[in-house]
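Undergrad: Just a sequence and a predicted model for now, questions to come.
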Amino acid sequence: MAFNDLFKVYPNRNSELRTLVKTMVEFGRTIAKEPSAAHSNGLDEHALRRQRSYVDHATQTVEALAQRPIPDNPHTHPTDLPVDLTLPFVTFVTDVNGNNVPLNESTQLLAEKWMITAVELAKSQSSAMAGSMVSFDYERAINNLNVVSKMLDEMEARPFLDLPETSEPGSGYQVRSSTNNPPPRAQR
């Protein structure tokens, strides 16, 4: 399945699960637009802190949802609460001036992982229930969040790389000749 095939409307009956799924998708949209996404790789300390708070929030929400009893609402329970995930992620590929910038694989990977985690829940058996979450969907969600957490640990352990030749933001930049245009002097 192609990643872009995940952006569609999913049938759902579980309003609490729908809220969780949409929150996870928003976490993916956020990392795709992070200032760190303008770098060629890695995450800055603010992005790491933000992503860790997102993992904590999602984990607490999954655990709370799984601990609730399944509601018994045979006469009032809505049966059509679709999860609309049709808005695709915008990947940070240009700067504020419209120049091309290299795709930051770290932010891209996290955005994709949030979307995949959200879709796993949207396609789960729990989405057919009136509320709560079945145990195997809970375990899968916690496992996926642990994967995101581990990815953050790995990204934090790897500092930004010095890639001056390969991370030049696109071909829109002209190489400056040192004889024609000397570099500007530093201000004192």
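TA: Noted; the coordinates are in hand.
Undergrad: Would you agree residue 21 falls within a helix?
TA: Yes. Going by DSSP: H, G, I helix; E, B strand; the rest coil, the assignment for residue 21 places it inside a helix.
Undergrad: correct me, but it touches residue 122?
TA: Yes. Counting by Cβ atoms under 8 Å, residue 122 is a contact partner of residue 21 at 4.9 Å. Backbone N, C-alpha and C define where each C-beta goes, glycine included.
Undergrad: residues shared between the contacts of those two?
TA: Residues within reach of residue 21 and of residue 122 at once, by Cβ atoms under 8 Å, 6 or more residues apart in numbering, are 10, 12, 83, 85.
Undergrad: isn't the third one right next to residue 22, touching?
TA: Yes. Under the contact definition of Cβ under 8 Å, residue 83 touches residue 22, with a separation of 6.8 Å.
Undergrad: Of all residues in this structure, which one is nearest the centre?
TA: Compute the mean C-alpha point of the chain, and by Cα atoms, centre = their mean the closest residue is residue 28, 1.9 Å away.
Undergrad: any idea which helix or strand carries it?
TA: Residue 28 is located in helix 15-32, with elements delineated by DSSP states H and E.
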